[in-house]
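Asks: got a sequence here, can you build the structure:
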Amino acid sequence: MSDLARSVFGDDAPAKPLAVVVDLDDTVCTGFDCPIRCAVDVLARIDRQRVTVHYVTARTDVSRTGTDRFIMDHRLPGWRHVHYCPKWQGSKSHKAQVHVHLVKEYRVIASIGDLDEEEGEAARLAGVPFVRVDRSNPVPAWAELEKLLDTNGAFGTPTG
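Replies: Numbers count the residues shown, from 1 in each chain. Next comes the predicted model:
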């Protein structure tokens, strides 16, 4: 909760909306646009009314058309929430900055990505659980994220 919200509402401030932070390359797809099936399946099931998906990527704005097409072609949530890396900023710094910004506005359930030195470090800096994807076997990471999402009601009613 922001300091302003705390000063206005006290302890009665509205709860932050839920979100999940997702890397794209080697987390949701390989080769820029080849989907990782388990990732697409989990993301496609998210209740868009309950959880906002934010893609935080090293891709620059030059990739916007292809990225938007990939997200829409696979009916993934979050096409309006793709955080592209500015050309002047390194991806590590960009991802850390966006993670910190997002936790101010959302209750971030988790961050998922394949690089501990980028997405993992950004998540830890922001105080967000990190799920690391093993590029050679992504299924366990997506199963772990699916459990976190399910517990937090991302697919409907919370089970935990």
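
Asks: going by C-alpha atoms from here, please, whenever you check contacts or count neighbours.
Replies: OK.

Asks: just give the nearest non-adjacent residue to D134, would you?
Replies: D114 (6.3 Å; C-alpha to C-alpha, 6 or more residues apart in numbering).

Asks: determine the number of other residues adjacent to the one you found.
Replies: 22 (other C-alpha atoms under 10 Å).

Asks: how near is the residue nearest to G66 when sequence neighbours are not counted to E119?
Replies: The shortest distance from G66 to any non-neighbouring residue, by C-alpha to C-alpha, 6+ apart, is to D33 (7.9 Å). Using C-alpha to C-alpha, to the nearest Å, D33 is found at 20 Å from E119.

Asks: just how off-centre is the helix ranked longest in the chain within its chain?
Replies: The longest helix of the chain (DSSP state H) is helix 91-105. Chain-centre distance of helix 91-105: 11 Å, with C-alpha atoms, centre = their mean, to the nearest Å.

Asks: where do the helices of this protein begin and end?
Replies: 3-9, 37-45, 64-73, 91-105, 121-126, 139-151.

Asks: who touches the longest one?
Replies: When you say that, I think you mean helix 91-105. 1-2, 16-17, 21, 56-58, 83, 85-86, 108, 117-119, 121-123, 125-126 (C-alpha atoms under 8 Å, 6 or more residues apart in numbering).
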